[in-house]
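Trainee: what follows is a predicted structure for the sequence shown.
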Amino acid sequence: MNKHLKTTLIIGILITFLYFFLTGLGDALIPLLVSCLFAYLLFPVVKKLETKGVKREIAVLGVLFIFFFISTFSIALIIPNLINDGKEFIQQLPETSQNAINRIEELSADLGYQLNLNKDFVSGYVKEYMSQLSSSSISKVTKGVSSSFKNIARAFLAIFNILLIPLFLFYVINDYEKISKGIKSYIPNAYKAKVERYNQLINRVLKGYIRGQLLVALCLGVMYSLGLAAIGLKFAFLIGIVAGIVAIIPYAGFIIGFGLAVIVALANASGFPMLLKITAVFSVAQALEGLIITPKLVGDSVGLSPFAAVLALIIGGNLFGLAGMLLAIPFAAITKKILADLKAEYQDLDFYKET
């Protein structure tokens, strides 16, 4: 058989097998991918425990127990309060928005400016759309959840898929090195050195960025919540947690959190002193994040300038929405290195060297 034909046939069979494997997993594919992501992040902890003499199985079980305990405790502690504040915030949203508009006009008048925000348009928008959101959002969510579990079979399947995550996670972490070695065994020898170099780069960027950014978001959420609660802002916990979660996307947490805090402050007839306090809270949190938290937790694992990071976020959001924004920074850092290598190869071409 012709070598080229044989190569094409074997690669075609492997791709076909991979396609049917992924398709055959069906709804279990998402739990498997989630498990692989958590395994990728938690495996270094298992390795550290192994170096201290702990057996692999015990280390894996210990890490998983701590991981699920912290997750469950956090959900039980945070989610109920978050839901209650969220419901109240949504119900008060039309009134909050209108009060904020009125307060902005009053403050501008005190400064000698007659600011007209076109009340008819703004009020109409707020009353029509925001009231619909506040009155029907909860029922829409309930209907959506109900329709998702329309029959018992699908409900059991959904629960089963959720329970698959810890099961998959245990096996993926336990056999992490075998799985990684098995995947690498399919890489052609001619490309192994380059793939390994890129693999090390990807590991450095992803592990440094993802773990670091999650910890940064957690720290910011705590600082925002405590700071806003200390100055007596309503919905301080909700705004702080939302800002912290959104902070996974660089710059987004500050913009959304600060905006929500200002709107709530204006809606509750707060004057410039409260606005200054809010500005101080977010400024101090951002200063700590930029000078201490991010350098310590994330470091220079990404290596992008602020301008490049903003461009990456815009491009990622336009192409792939929220998921694109979440992955834009590490993907851009990896792409930067690949483009540098391609540029070096391009400059080595006869076409480039010709004068």
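Mentor: Yep, that arrived. Residues are numbered from 1 along each chain as shown.

Trainee: rest of the way, CA atoms for contacts and neighbours
Mentor: OK.

Trainee: list phi and psi for Leu49.
Mentor: Backbone torsions for Leu49, taken as degrees, to the nearest 10, come to phi -70, psi -40.

Trainee: next, count neighbours for it.
Mentor: 18 (other CA atoms under 10 Å).

Trainee: gap between it and Lys234?
Mentor: 44 Å (CA to CA, to the nearest Å).

Trainee: again, but for Phe168
Mentor: 42 Å.

Trainee: could you do Glu354 as well?
Mentor: Distance of Glu354 to Lys234, computed by CA to CA: 68 Å.

Trainee: tell me which of these two has more neighbours.
Mentor: Lys234 (16 against 6).

Trainee: hey, which helix is longest across this protein?
Mentor: In the chain, ranked by residue count with DSSP state H as the criterion, the top helix is helix 306-347.

Trainee: quick one: mean pLDDT over that helix.
Mentor: The average pLDDT for helix 306-347 rounds to 81.

Trainee: show me what it is packed against.
Mentor: Under the contact criterion of 3 or more CA pairs under 8 Å, 6 or more residues apart in numbering; DSSP states H and E, helix 306-347 touches helix 189-206.

Trainee: quick one, the helix it packs on and helix 306-347 angle?
Mentor: Relative orientation of helix 189-206 versus helix 306-347 (axes from the mean of the first three to the mean of the last three CA atoms, to 10 degrees): 170 degrees.

Trainee: what's the average pLDDT for the helix or strand that comes right after helix 189-206?
Mentor: Going down the chain from helix 189-206, the next helix or strand is helix 212-230, by DSSP states H and E. Averaged over helix 212-230, pLDDT sits at 87.

Trainee: what bits of the stretch 101-250 of the chain have low per-residue confidence?
Mentor: Applying pLDDT under 70 to the stretch 101-250 of the chain flags the ranges 107-161.

Trainee: the helices in it, which residues?
Mentor: Applying DSSP state H, counting those that start in this stretch to the stretch 101-250 of the chain gives helices spanning 119-125, 131-148, 152-174, 176-184, 189-206, 212-230, 236-246.

Trainee: chain center to the longest helix of the chain, what's the gap?
Mentor: Put simply, helix 306-347 sits 16 Å off its chain's centre (CA atoms, centre = their mean, to the nearest Å).

Trainee: got the CA coordinates for the very next helix or strand once past that helix in CSV?
Mentor: Following helix 306-347 in sequence order, the next helix or strand is helix 350-353 (DSSP H and E). Extracted C-alpha coordinates of helix 350-353, given in CSV (Å, rounded to 0.1, in the frame of the first residue of the first chain):
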residue,chain,number,x,y,z
ASP,A,350,14.2,33.0,0.9
PHE,A,351,11.2,35.2,0.0
TYR,A,352,11.9,37.4,3.0
LYS,A,353,15.7,37.5,2.5
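
Trainee: residues of helix 350-353 that come out buried?
Mentor: By 16 or more other CA atoms under 10 Å, helix 350-353 has no buried positions at all.

Trainee: before we move on, back to that, tell me the angle of the longest helix of the chain relative to helix 236-246?
Mentor: Between the axis of helix 306-347 and that of helix 236-246 there is an angle of 10 degrees, by the same axes, to 10 degrees.

Trainee: distance of Phe69 from Arg56?
Mentor: To Arg56, Phe69 is 20 Å away according to CA to CA.

Trainee: compare those two and say which is more crowded by neighbours.
Mentor: More crowded of Phe69 and Arg56, by other CA under 10 Å: Arg56, with 16 against 12.

Trainee: burial measure for the residue nearest to Phe237 when sequence neighbours are not counted, as a count.
Mentor: Spatial nearest neighbour of Phe237, excluding adjacent residues (CA to CA, 6 or more residues apart in numbering): Ser225 at 4.9 Å. If you count neighbours by other CA under 10 Å, Ser225 ends up with 23.

Trainee: can you check the one 4 residues further on too?
Mentor: For Ala229, the neighbour count with other CA under 10 Å is 16.
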